[in-house]
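Participant: how would this look folded up:
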Amino acid sequence: MSALGPLQEADCLSQADLIAAISTAIGPGAVGIVRLSGQGAAWALEKAFVSQTSPVSRPRSMVFGKLVHPATGAILDHVLAAFFPSPCSFTGEDTAEIFCHGGHTVPRLILEAFLATGARLANPGEFTQRAFLNGRLGLDQAEAVAELVAAQSEAEAALATSHLEGALSHRIRPAMEGLLGLKAELAAILDFEEDWDEAKSSSLLAKLDDLMAELTVLRNIRACSRVFRDGLRLVLAGRPNAGKSSLFNALVGRDRALVSPRPGTTRDFLEAAISWEGLRVELVDTAGLGDCPEDELEARGQEFARQELEEADVVIWLHPANAPGAGPPPGLPAAKVLEATSKADLADGRSSPERPSFSALTGQGLDNLKTLVLEMAGIVPGRQPEAVPNLRQQKALEECLKCLSLARQALLGCQPPDIISLEIGDALDSLGQITGQILSEDLLAEVFDRFCVGK
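Facilitator: Numbers count the residues shown, from 1 in each chain. Got it, this is the predicted structure:
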């Protein structure tokens with residue numbers, strides 16, 4: 001591990017190669033994109049692209065022409081080509097992009113043509129990795145690129161876009177500057193042999209506490225806002241024949257689960273992804289939790305159901321209006337359980353704040369049920385945090401706070417300034433792993449191996 005910045009760490013992966021990849025999904029489609037980046041991109045483009053006007057002479061402009069195989073001269077497609085000279089490109093290197101017809105074959109043939117010019121196939125995430133190493137993106141912004149591509153809901157996409165704009169690094173930068181200020185004060189005490197008196201110690205302690213409080217808020221954001229990044233896992237549970245599968249079908253919008261008056265229809269659990277207020281919701285229908293399972297299969301279904309209850313963000317526990325049953329099993333945190341009365345069409349349909357009622361058959365009360373679930377998850381429609389650390393970033397924040405806690409103990413214990421400074425330095429390194437100012441090959445692999453080829 002070193003304290004070198006991205007530009008200084010560029011030698012940990014060779015950037016001398018010209019790389020090429022298909023940047024669009026393989027399969028039927030109107031347009032495919034083949035991308036090149038690195039030294040020789042201009043030469044390779046002019047070798048394979050035939051037109052009255054060279055894209056290299058008209059940077060950042062689309063030029064129409066033919067793409068030919070450099071060895072055989074065979075025409076592969078009529079395409080649009082654009083050239084982006086260094087450093088004004090996504091990667092910070094000379095970059096070329098070819099917009100061809102989509103499908104399985106044409107993009108592959110064009111990629112093979114560029115490989116014939118001497119380019120090599122790009123590794124997963126290598127274009128974004130080069131953008132980071134060339135200082136075009138911070139590491140947190142580079143991760144946001146992968147998150148944006150993988151987003152499965154509006155909320156995830158909005159959060160990834162916010163991170164791509166630098167929302168997380170903007171939150172971290174003031175803390176890093178504050179910690180650097182503390183290190184400077186400690187260095188001055190050492191350099192000028194100033195007395196380590198109580199006033200200086202109290203001043204440093206107050207500044208350290210303020211910085212720790214700010215970072216603690218950022219660390220805790222993930223706990224309370226994780227669902228914006230990871231989605232909400234909503235589990236439907238109750239006794240057999242409580243109406244779980246009917247509610248599952250009503251929320252999904254089509255018949256996915258078998259429904260029968262006979263108890264115990266659901267043996268395994270079913271899952272479906274739906275969207276509420278732009279938030280991805282993983283909906284789970286579970287087997288009924290009765291007192292005595294009739295056979296081994298039903299017992300296994302109940303075991304699966306209990307596992308799902310533990311992993312849920314919110315549980316809707318159903319009490320059928322025509323046959324009220326027992327409440328949720330002991331040990332299940334009340335804060336994540338919403339008890340509701342199902343089959344309201346078979347009773348008077350009255351509701352209370354403690355136990356809202358609904359009918360999966362008529363749709364009565366479903367909107368209210370959805371609102372209550374979102375409130376339990378801490379979600380206010382139309383509002384979401386700008387920055388929520390991912391798991392890797394969360395671990396780095398926790399390590400930072402651990403180091404600062406040790407620095408605080410050393411300060412309270414009247415330890416020498418250089419000991420305190422070392423702990424603060426380690427805390428800075430942990431924050432630097434989020435932004436990319438502290439870098440290692442292992443860290444690069446951890447981040448960019450999750451990318452797809454061509455991104």
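Participant: quick one: buried residues of the lowest-mean-pLDDT helix or strand in the chain?
Facilitator: One helix or strand of the chain scores below all others by mean pLDDT, DSSP states H and E: helix 296-311, with a mean of 77. Using 16 or more other CB atoms under 10 Å as the test for burial, helix 296-311 gives 298, 301-302, 304-305, 308-309. Where you see a C-beta, it was placed from the backbone N, CA and C, and this is true even at glycine.
Participant: tell me the contacts of Glu375?
Facilitator: The neighbourhood of Glu375, defined by CB atoms under 8 Å, 6 or more residues apart in numbering, contains no residues.
Participant: and it, how far from Val314?
Facilitator: Note on Glu375: its distance to Val314, by CB to CB, to the nearest Å, is 10 Å.
Participant: just checking, Gln384 touches Ala160?
Facilitator: No: Gln384 is beyond contact range of Ala160, at 11.7 Å (criterion: CB atoms under 8 Å).
Participant: quick check: pLDDT value at the residue positioned nearest the centre of the chain.
Facilitator: Central residue of the chain (CA atoms, centre = their mean): Glu147, 4.5 Å from the mean position. At Glu147, the model reports a pLDDT of 89.
Participant: might you report the residue contacts of it?
Facilitator: Glu147 makes contact with 156, 159-160, 163, 229, 390 under the criterion CB under 8 Å, 6+ apart.
Participant: need those residues in JSON lines (columns: neighbour count).
Facilitator: Formatted as JSON lines, the contacts of Glu147 follow (neighbours: other CB atoms under 10 Å):
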{"residue": "Glu156", "neighbour count": "22"}
{"residue": "Leu159", "neighbour count": "26"}
{"residue": "Ala160", "neighbour count": "21"}
{"residue": "His163", "neighbour count": "27"}
{"residue": "Arg229", "neighbour count": "21"}
{"residue": "Asn390", "neighbour count": "23"}
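Participant: pLDDT, secondary structure and distance to Gly65 for those residues - can I get that in CSV?
Facilitator: Listed next are those as CSV, based on pLDDT from 0 to 100; DSSP: H, G, I helix; E, B strand; the rest coil; distance: CB to CB, whole Å:
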residue, pLDDT, secondary structure, distance to Gly65
Glu156, 86, helix, 38
Leu159, 88, helix, 40
Ala160, 89, helix, 35
His163, 91, helix, 37
Arg229, 82, helix, 43
Asn390, 90, coil, 42
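Participant: from those residues, pick the one nearest Pro87.
Facilitator: His163 (22.8 Å; CB to CB).
Participant: got phi/psi on Ala122?
Facilitator: phi -70, psi 150 (degrees, to the nearest 10).
Participant: correction: the previous question concerned Phe64.
Facilitator: According to degrees, to the nearest 10, Phe64 has phi -90, psi 140.
Participant: which strands and helices sit next to the helix or strand in which Glu398 is found?
Facilitator: Using DSSP states H and E, Glu398 falls within helix 391-412. With contacts defined as 3 or more CB pairs under 8 Å, 6 or more residues apart in numbering; DSSP states H and E, helix 391-412 has these neighbours: helix 139-150, helix 198-230, helix 417-435.
Participant: burial of the nearest residue to Gly436 once chain neighbours are set aside, as a residue count?
Facilitator: Distances taken as CB to CB, 6 or more residues apart in numbering put Leu139 closest to Gly436, at 2.9 Å, once the chain neighbours are dropped. Leu139 has 26 neighbours, counted by other CB atoms under 10 Å.
Participant: contacting residues around Leu139?
Facilitator: Counted by CB under 8 Å, 6+ apart, Leu139 has contacts 6, 132, 433-436, 439, 443, 447.
Participant: how about 10 Å then?
Facilitator: By CB atoms under 10 Å, 6 or more residues apart in numbering, Leu139 lies in contact with 6, 129, 132, 168-169, 392-393, 432-439, 443-444, 447-448.
Participant: now do Arg355
Facilitator: Contacts for Arg355 were tallied using CB under 10 Å, 6+ apart; they are 317, 319, 324, 338-341.
Participant: switch the cut-off to 6 Å
Facilitator: By CB atoms under 6 Å, 6 or more residues apart in numbering, the residues touching Arg355 are 339, 341.
Participant: picking that back up, restricted to buried residues, select the contacts of Leu139 in PyMOL.
Facilitator: Only the buried entries of these go into this PyMOL selection, using 16+ other CB under 10 Å:
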select buried, resi 6+129+132+168+169+392+393+432+433+434+435+436+437+438+439+443+444+447+448
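Participant: measure Gly331 to Leu309 for me?
Facilitator: Taken as CB to CB, the span from Gly331 to Leu309 is 9 Å.
Participant: kindly report the same for Gly181.
Facilitator: 48 Å.
Participant: with Val79 instead?
Facilitator: Taking CB to CB, one finds Val79 at 55 Å from Leu309.
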